[in-house]
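Student: Please find the sequence and the predicted model below.
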Amino acid sequence: MKIGVVGGGAFGWALAHAVRRAGSEVLMWSRRPQREAGPGISLVALPALAAAELIFFAVPSPVLPELARELGQYLDGGHYLVHGSRGIVGDGLMTLSQVLRSVTPCRRVGALAGPLVAAALESGAPGGGVIASRFPEVHAAVREAIGGKQLRIYSSDDVIGAEFASTAVGLLAMAVGYVQGIGLGPATLAVMASRGMAECTRIGVQLGGRVETFAGLAGHGDLLAAVAGDGRPELAVGRELAAGTQLADIRR
């Protein structure tokens, strides 16, 4: 089947290569693709993504609402939408699955969470992640699209928990980078990471998530990869903050 990928950054290309390893064709859209198309991966205009049954969003959370609204003009209820972005957006603090449901005609949506960093996903290193959706057909489509012997994809129906856990790990990963940047050691990291996740778990449960989601790959598993130094951008942001770099400069 054809799989769509919105976003031509590092994570978008990593997803595209994972899809190719699993045997499907990739239709990718990007405003500024980092690379040229290769075998089985086509760079297409945004409307062409309607030919894909499953579409991954691999873009920063602040730009996802606008892109989803634009793409939604070409979609219908038959499409599955899955995002791999961390973040909660807008004044209403909406999760990204809520955004996808509100600005597109699609209802079968999901969130890809866990320690799925670009370098490992692209290289095919053994790993795993979680697809959170209330629709079993979305679970099956994602497992078929990127799963395999080297990449185990688990399923969950706790969408709120998975999205908030992923967002929390993004924040905590920046704190990990900061702690490392100012020269503090493993004991400090352990306390900060474990207590930080405990506090985020309490908030996530109040929002409707489940404790076990935060204890699994979407929460503690993902944070463990960050502490181990998996090269994700949030770690670099934390280290730059520790070095005194202004946030505006880091964004650029």
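Tutor: Ah, there it is.
Student: Give me the distance between residue 43 and residue 194.
Tutor: 43 Å (CB to CB, to the nearest Å). C-beta here means a position set from N, CA and C on the backbone, and glycine is covered the same way.
Student: Please apply the same query to residue 177.
Tutor: 17 Å.
Student: For these two, work out which one has more neighbours and name it.
Tutor: The neighbour comparison of residue 177 against residue 194 (other CB atoms under 10 Å) goes to residue 177, with 23 against 12.
Student: Is the more buried one in a helix, a strand, or coil?
Tutor: Per DSSP: H, G, I helix; E, B strand; the rest coil, the secondary structure class of residue 177 is helix.
Student: from what I can see it touches residue 243, true?
Tutor: No: using CB atoms under 8 Å as the test, residue 177 is too far from residue 243 to be in contact (10.2 Å).
Student: Low-confidence regions, the chain specifically.
Tutor: For the chain, applying pLDDT under 70 flags no range at all.
Student: where exactly do the helices run in it?
Tutor: 10-22, 64-72, 96-103, 118-123, 136-146, 159-181, 186-206, 211-215, 222-227, 233-242, 247-251 (DSSP state H).
Student: What residues of the longest one count as buried?
Tutor: Meaning helix 159-181. Residues of helix 159-181 classed as buried by neighbour count (16 or more other CB atoms under 10 Å): 159-170, 172-181.
Student: before we move on, back to that, output the helices of the chain as TSV; include the columns distance to residue 29.
Tutor: What follows is these, written out as TSV (distance: least, CB to CB, whole Å):
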stretch	distance to residue 29
helix 10-22	9
helix 64-72	8
helix 96-103	16
helix 118-123	18
helix 136-146	17
helix 159-181	23
helix 186-206	32
helix 211-215	31
helix 222-227	27
helix 233-242	21
helix 247-251	23
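Student: Minimum distance to residue 32: which of the ones you listed has it?
Tutor: helix 10-22 (11.0 Å; CB to CB).
Student: Can you point out the buried residues in that closest one?
Tutor: Quick answer for helix 10-22 (16+ other CB under 10 Å): 10-21.
Student: Show me the two of these that sit farthest apart.
Tutor: 10 and 21, at 16.8 Å, using CB to CB across those.
Student: pretty sure residue 232 is touching residue 173, no?
Tutor: Yes: between residue 232 and residue 173 there is a contact under CB under 8 Å: 6.0 Å.
Student: tell me, what's touching the two both at once?
Tutor: Listed as contacting both residue 232 and residue 173 by CB atoms under 8 Å, 6 or more residues apart in numbering are residue 226.
Student: so what's residue 111 bridging to?
Tutor: Counting by DSSP bridges, residue 111 is bridged to residue 83, residue 132.
Student: Keeping just the C-alphas, turn stretch 76-87 into CSV.
Tutor: C-alpha atoms of stretch 76-87 as CSV (Å, rounded to 0.1, in the frame of the first residue of the first chain):
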residue,chain,number,x,y,z
ASP,A,76,-12.1,11.9,3.7
GLY,A,77,-13.2,9.6,6.5
GLY,A,78,-11.4,6.7,4.9
HIS,A,79,-7.9,8.0,5.7
TYR,A,80,-5.9,7.1,8.8
LEU,A,81,-3.8,10.0,10.3
VAL,A,82,-1.0,9.3,12.8
HIS,A,83,1.4,11.9,14.2
GLY,A,84,4.8,11.4,15.8
SER,A,85,5.1,14.9,17.2
ARG,A,86,5.6,15.9,20.8
GLY,A,87,3.6,18.8,22.1
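Student: What residues sit buried inside it?
Tutor: For stretch 76-87, the neighbour count (16+ other CB under 10 Å) marks 79-87 as buried.
Student: and what of stretch 200-217?
Tutor: So, applying 16+ other CB under 10 Å, buried residues of stretch 200-217: 200-201, 204-205, 209-210, 213-214, 216-217.
Student: got a markdown table for those residues, with distance to residue 247 too?
Tutor: Formatted as a markdown table, these follow (distance: CB to CB, whole Å):
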| residue | distance to residue 247 |
| --- | --- |
| 200 | 22 |
| 201 | 27 |
| 204 | 26 |
| 205 | 30 |
| 209 | 29 |
| 210 | 33 |
| 213 | 30 |
| 214 | 27 |
| 216 | 31 |
| 217 | 29 |
